[in-house]
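A.B. asks: return atomic coordinates for the entry below.
(chains A and B)
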Amino acid sequence: MKELAVFIKKEFRHIFRDGRTLLILFGLPVAQVFLFGYAITNEVKDATITVWDQSHDVMSRKLVTKILATDYFKLAGVAENYADISNGFRSGRHMLALVIPPDFARKFQQHEAQVQLLLDASDPNMANLLANYASGIIANFTRQELRYAPSNQIVTEVRMTYNPELKGVFLFVPGVITVILMIVSTLLTSIALTREKELGTMEILLVSPLRPGIIVIGKVLPYLLLSFLNAILILGLGFTVFQMPMAGSMPLLVLELILFIIAALSIGIFISTKTASQQVAMMISLFALMLPTILLSGFIFPIDSMPWPLQWLSNIMPAKFFIIIVKGIMLQGVGLEVLWRETLVILAFILVFTVASIKNFTIRLA
Amino acid sequence: MRVIKFLLRKEFKQIFRNKAMLPIIFVMPVVQLLILVNAATFEIKNIDLAILDRDHSPASRQLTNKLLSMGYYRLRARVASLKEGQLLMDQNKIDLLLQFPPGFAAGLQRDDRATVMLDISAIDGSAASIIYYYTNTIILDFNTGIMQRWHNLPEQPGLPLTVESRFWYNEELDYKNYITPGLVVILVTMVGMFLTAMNVVREKEIGTIEQLNVTPITKTQFIVSKLLPFWIIGMFEMAFGLGVGKLIFDFPVVGSVPLLFAFAAIYLVVVLALGLLISTVTHTQQQAMLVSWFFVVIFILMSGLFTAVENMPEWAQKITAFNPVTYFMQLIRMVLLKGSQLQHVARHFLVISAMAVVSISLAVFTYRKRS
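C.D. replies: Residues are numbered from 1 along each chain as shown, chains lettered A, B, ... in the order given. Predicted coordinates for the structure are as follows:
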């Protein structure tokens, strides 16, 4: 036990000596949470629109004013022909164009007016959103001009469960925690262990009286602590800056956090038993682990919308299960009675990778 | 020149000697591209639905059937109580709970007024608003239909104003066309940045940098020989990624491919110089990797890969003006999908060239032949 304590002390010294790494370890999650909280959003605001008004009458001007009165659109110049519009699209000057035909007011009176909305659909999501917003505003305009309001018999009462204000950051905080834990636990551990191999110091450790198990535990324990502190930091930011709720049980969340960190660590150890150089360890962690973790875990993209082979593949991402757990506890306020299956899966990951690492480790020594 | 040739040969030998690196450089990005393009979609294909019908009237059944006939609603359960529905939502089995209160049909007939309740799981806020939008549209539609039937209204006269929406450059709104070029940018950036960032620092860590430092090669020769191999790999990666993407996803190529590659050539200089810069200011590969990871993540998140830069708040847009990835991300889509020509993207070229000059000077300036 004493040996282990000394060994861990050594490892901590290694880590704390390296201020830059620490700064990034704690700076990155903070930057990410703020970016996701404030900068990254799908809400449309001030989309650039150009108008080709071929009538210049009272009616057409009214319509343009109505569209520009909203927060969604901002005028980015006028066009005189389709070439102007196309050039504007190609240089990124505007995102949509409204074409009003000649003689608009008269056609409107005769119920045969038609305006064209041209959208830059190179960004299809955005184009679709903008088309919906603009058509909505135009439909409203038409109704107002007609002074005809259809009576809405069926009233829909909507309740946005778990997230009444539809804050995007609620979805992202669990994701950011997961990604950071993967970086610290899997990536750094695999690199730290491979580093000893690459520099040759692993041999020295192995011939020391320390048992291999102790060496590995000593190497990963500090990272467990770092990961944990990091998770607490992100949670703290979520609570204080973004008013995230904590609907469920805090002790359960802490327990699940630790479980997931252990799973990530065991994957890191496993990678390091398989690789000989830090570069390879890093590339495997990054490309085979980080990107899929970000993309197949439901962090950014909904898993339900993916084609079935990817949905199936997402089941071997521990991150997917952890994100479900974090959302479940923090936002939905559920406990183990709902989340037992996900918890079991994470335990299974721990088991599989620990056994695989031990097997690999002994083989390598023999 | 001769010195550089030898140094280049050494670098290439080192890169290709590492058997594990080859699949990582060439195979992994392709696999990633294939997986990620399919994964990266915000589309909502299925809405899992539970119904709590306390009315049991023909009207409530008609509305239910109308919803289910749309194709993207999947009826998961008919529940008998709100609690039961809430539990299903807690278990992530449903996205939407539709409630008909007792007296729905009667209210509709008698008072011209009835209420339905929608409970939407809003953990993903933007998905929730889309679900609401869809569902509400269908309910309004049903409403209009029922009004016409019950009140025997004549066919509605044509509206005075109709809107025709045309989606240029991507009529079918195929998200793959948009995301594939973007992911090529990300792969080129990551491979370029990580490989250069790790390269010099590796020599430092192993100690071979000392050997290089005592040779008579100049700073410029050293930097050229460190950057050129990765520049070539990066350009290859770009061609490879685009080729594979084109073969499989068949996105349109409207604009000029040479223009795109001209930009990529300058862009890679920026990325590699940044990688080199990271490599010179760090001491271990672990540090180098973390620093580059930090920048790559921020660059990518702010690049407009998934979410349009135009939607960001003012201050964030100012920051993205300094993000090289944003420019490439915009340019690749402009050129490939919209056929933008040099005069449309002149600004992008100017900015990226300026960035290249600044970053390469910084890299040369920071690198010292001493440790």
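A.B. asks: if you count neighbours, what's buried in stretch B:231-242?
C.D. replies: Neighbour-count burial for stretch B:231-242 flags B:231, B:233-235, B:237-238, B:240-242 (criterion: 16 or more other C-beta atoms under 10 Å in any protein chain shown). C-beta here means a position set from N, CA and C on the backbone, and glycine is covered the same way.
A.B. asks: scratch that, stretch B:322-336 is what I was asking about
C.D. replies: B:323-336.
A.B. asks: can you give me the helices in the stretch 251-371 of chain B?
C.D. replies: B:257-281, B:285-301, B:314-320, B:324-333, B:342-366 (DSSP state H, counting those that start in this stretch).
A.B. asks: out of these, deepest packed?
C.D. replies: helix B:324-333 (a mean of 24; mean count of other C-beta atoms under 10 Å in any protein chain shown).
A.B. asks: check what pLDDT the residue nearest to residue B:265 when sequence neighbours are not counted gets.
C.D. replies: Once flanking residues are discounted, residue B:265 sits nearest to residue B:235: 6.8 Å by C-beta to C-beta, 6 or more residues apart in numbering or on different chains. Predicted confidence (pLDDT) for residue B:235: 94.
A.B. asks: packing partners of the helix or strand harbouring residue B:235?
C.D. replies: Assigned by DSSP states H and E, residue B:235 belongs to helix B:219-249. Helix B:219-249 sits against helix B:2-17, helix B:21-39, helix B:175-206, helix B:257-281, helix B:342-366, with contacts defined as 3 or more C-beta pairs under 8 Å, 6 or more residues apart in numbering or on different chains; DSSP states H and E.
A.B. asks: one more time with 6 Å
C.D. replies: helix B:2-17, helix B:21-39, helix B:175-206, helix B:257-281 (3 or more C-beta pairs under 6 Å, 6 or more residues apart in numbering or on different chains; DSSP states H and E).
A.B. asks: re earlier: so can I have CSV of the helices of the stretch 251-371 of chain B showing mean pLDDT and distance to residue A:253?
C.D. replies: As requested, the helices of the stretch 251-371 of chain B are exported to CSV (pLDDT from 0 to 100; distance: least, C-beta to C-beta, whole Å):
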stretch, mean pLDDT, distance to residue A:253
helix B:257-281, 94, 35
helix B:285-301, 84, 25
helix B:314-320, 88, 30
helix B:324-333, 95, 35
helix B:342-366, 92, 43
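A.B. asks: all helices for the stretch 51-200 of chain B, in order.
C.D. replies: Using DSSP H, counting those that start in this stretch, helices in the stretch 51-200 of chain B cover B:58-68, B:82-90, B:104-110, B:125-151, B:175-206.
A.B. asks: neighbours of residue 16, just the number please.
C.D. replies: The chain I'm using is chain A. Neighbourhood size, residue A:16 [other C-beta atoms under 10 Å in any protein chain shown]: 11.
A.B. asks: switch to chain B, please.
C.D. replies: 12.
A.B. asks: now residue B:27
C.D. replies: Residue B:27, neighbours per other C-beta under 10 Å, totals 11.
A.B. asks: mean confidence for the strand or helix carrying residue A:29?
C.D. replies: According to DSSP H and E, residue A:29 maps onto helix A:19-34. Mean pLDDT, helix A:19-34: 82.
A.B. asks: packing partners for it?
C.D. replies: helix A:169-181, helix A:212-240, helix B:285-301.
A.B. asks: what about the first one, near chain B?
C.D. replies: The reference is to helix A:169-181. Yes. Using C-beta under 6 Å from any C-beta of the partner chain, helix A:169-181 reaches chain B at residue A:171.
A.B. asks: got the contact list for that helix?
C.D. replies: Residues outside helix A:169-181 that contact it (C-beta atoms under 6 Å, 6 or more residues apart in numbering or on different chains): A:29, A:32-33, A:36-37, A:163, A:227, A:230-231, A:234, A:238, A:242, A:244, A:261, A:264, A:299, A:319, A:322-323, A:326-327, B:123-124.
A.B. asks: between the buried residues of stretch B:322-336, which is nearest chain A?
C.D. replies: residue B:333 (5.2 Å; C-beta to the nearest C-beta).
A.B. asks: I'd assumed residue A:121 was in contact with that closest one.
C.D. replies: No. Taking contacts as C-beta atoms under 6 Å, residue B:333 lies outside contact range of residue A:121: 11.1 Å.
A.B. asks: quick revisit: and the helices and strands packed on helix B:219-249, which is most packed in?
C.D. replies: Greatest average neighbour count among the helices and strands packed on helix B:219-249 goes to helix B:175-206 (a mean of 24), per mean count of other C-beta under 10 Å.
A.B. asks: please see if stretch A:104-117 touches chain B.
C.D. replies: Yes. Counting by C-beta under 6 Å from any C-beta, chain B has neighbours in stretch A:104-117: A:108, A:111, A:113-117.
A.B. asks: for those residues, give me CSV that also has neighbour count.
C.D. replies: Converted to CSV, the residues of stretch A:104-117 next to chain B look like this (neighbours: other C-beta atoms under 10 Å in any protein chain shown):
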residue, neighbour count
A:108, 23
A:111, 13
A:113, 24
A:114, 15
A:115, 24
A:116, 16
A:117, 20
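A.B. asks: domain ranges for the chain?
C.D. replies: All of this refers to chain A. By the assignment in automatic domain parsing, chain A contains the domains A:23-39+A:168-365, A:47-146.
A.B. asks: switch to chain B, that's the one I care about
C.D. replies: By the record's domain assignment, chain B is partitioned as B:2-40+B:174-366, B:47-151 (automatic domain parsing).
A.B. asks: what residues does the stretch 51-200 of chain B put near chain A?
C.D. replies: B:90-91, B:108, B:112, B:114-126, B:128, B:132, B:136, B:139, B:143, B:158-170, B:173, B:175, B:178, B:198.
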